[in-house]
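J.: pasted the sequence and its predicted model underneath.
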Amino acid sequence: MKIGQLSELTGVSTETIRYYEKQKLLPMPTRLANNYRSYDQSHVERLTFIKNCRAFDMTHEEIHQILDEVNAPSTSDCRPINHIIQQHLLHLEARIEELMDLKDRLTAIEQRCRRAHTADQCTIIEDISKLDAMPTRTTHVG
């Protein structure tokens, strides 16, 4: 199948598919005589896996690490993969805490503005501007 068909099947844009190829997340397809890329079911499966990992907010590096473990010769131990997932869960827990804090702060601002009767009485811009520096988003990328 051509790249457009793969894109349609998986819901991943052709640009993203090419990017994943360059990043070596997706195996390079064979080339037809006209130099078009030719994909098969293994590409559909890999792309679906990548898409699902990204939906879990996994980084490309984490996806690479998992794929490296799966593709390693004679690998029978999934502890390294479990470790990657455990580390990612810690990242998600930290991110959820950050998001809950942001939600609480924004809710308080919104409630103050809700009491305003006209737009010029709304203090959202002023309140947001006066906040202490917002926390930098937690990242788990090395």
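T.: Nice, I can see it. These numbers come from a predicted model, not from an experiment.

J.: for the helix or strand of the chain with the lowest mean pLDDT, packing partners?
T.: The weakest-scoring helix or strand in the chain, judged by mean pLDDT, DSSP states H and E, is helix 124-130 (a mean of 82). If you count contacts as 3 or more C-beta pairs under 8 Å, 6 or more residues apart in numbering; DSSP states H and E, helix 124-130 packs onto helix 79-114. The way it works is simple: take the backbone N, C-alpha and C, and place the C-beta from them, glycine included.

J.: how about the protein, which residue sits the furthest from its center?
T.: Computed with C-alpha atoms, centre = their mean, the maximum C-alpha offset from the centroid of the chain is found at H117, amounting to 40.3 Å.

J.: check which helix or strand that residue maps to.
T.: Using DSSP states H and E, no element contains H117; it sits outside every helix and strand.

J.: from D127, how far off is it?
T.: 17 Å (C-beta to C-beta, to the nearest Å).

J.: with N82 instead?
T.: Applying C-beta to C-beta to N82 and D127 gives a distance of 44 Å.

J.: ok, these two, which is more surrounded?
T.: Taking other C-beta atoms under 10 Å, N82 and D127 do not tie; D127 has more neighbours (16 against 11).

J.: in the least confident helix or strand of the chain, what's buried?
T.: D127 (16 or more other C-beta atoms under 10 Å).

J.: what lies in contact with it?
T.: Residues outside helix 124-130 that contact it (C-beta atoms under 8 Å, 6 or more residues apart in numbering): I109, E110, R112, C113.
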